Every structure is written in structure tokens, then in C-alpha cells.
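Asks: sequence below, structure please.
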Amino acid sequence: MGLTQIASRLIKKHGQAATLLRPGEGTDDGYGNVIPGPDASYPVTLLSATYAIELQLIAGGFLDVGDQRVLVSVEGLTIEPATTDKLLIDGTEFEVRRVAPLSPAGGVIFWEMQVRDD
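Replies: A predicted model of the protein is given here:
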């Protein structure tokens with residue numbers, strides 16, 4: 001069993017289902033404004049944890065109190081997560097602040113995201 005399968009199995013076992021929301025394509029309203037289109041929904045499996053208090057990172061503006069670290073399984077994921085996406089977890093919408101793949105050998109094992117309650 002490879003690392004991707006192990007990571008996906010552990011995230012599924014200890015994590016939960018959620019939804020990745022990607023903003024829909026906007027349309028011009030004729031007055032120079034863009035009307036956002038409906039979000040596209042992508043089911044994901046993730047494992048979420050609150051960051052430990054890292055005072056230097058909070059003071060530096062990299063983290064905010066209550067930010068969560070989310071590990072997203074690649075299993076069944078058809079898109080690459082982006083900072084323009086949002087995550088819907090247990091009915092709460094979170095803004096994606098940072099996205100990074102864990103890919104030591106070139107293939108993505110899982111996605112690590114920093115999310116913040118809007």
C-alpha cells in the first residue's frame with residue numbers, strides 16, 4: 001500500500017465528509033460590475049484540527065486565533081484546491097487562506113489547507 005492510499009484511509013477513518021465550494025463564473029451586469037455565478041460543489045473527505053497556539057505566527061499575521069489546519073484526501077477529488085475556494089464543514093463556511101500539497105515524490109499524497117471561519 002502506497003503513501004497516498006495510507007493517507008486517504010487514515011483521513012477517511014478519523015475525518016469527516018465536507019464540501020469544497022468553487023466560485024462560479026461571473027457575468028457582467030452591464031455597469032462594470034460582476035455578478036458572481038453559483039458555487040460549484042465538490043465532495044471531499046478531510047481531517048480538521050485547530051492549530052496549537054503559535055504566538056510568533058499569530059503576531060506575524062500568518063495565523064488568526066481559531067484558524068484550522070485541514071488535511072484533504074486526494075481520493076475522489078477531481079480538482080486542485082485553491083485559495084479562492086471555500087470549505088463547508090458541518091454547515092459552517094470557511095475561507096481558504098492557504099493551500100499546499102504534500103507531494104514528496106511528485107504525486108500529491110494529500111492537501112494541507114489553512115481555513116478561517118468567515
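
Asks: Leu72: what's it in contact with?
Replies: Rather than Leu, residue 72 is Val. By Cβ atoms under 8 Å, 6 or more residues apart in numbering, the residues touching Val72 are 11, 20, 44-46, 81, 110-113. Heads up, the C-betas are built off the backbone N, CA and C, glycines and all.

Asks: list the buried residues of stretch 98-115.
Replies: Of all the residues in stretch 98-115, those buried under the rule 16 or more other Cβ atoms under 10 Å are 99, 108-111, 113-115.

Asks: how long is it end to end?
Replies: Using Cα to Cα, to the nearest Å, one end of stretch 98-115 lies 7 Å from the other.

Asks: any idea how far it is from the middle of the chain?
Replies: Centroid separation between stretch 98-115 and its chain, computed with Cα atoms, centre = their mean, to the nearest Å, is 10 Å.

Asks: over to stretch 20-34?
Replies: Remark: stretch 20-34 is offset 21 Å from the chain centroid, using Cα atoms, centre = their mean.

Asks: thanks again, I'm all set now.
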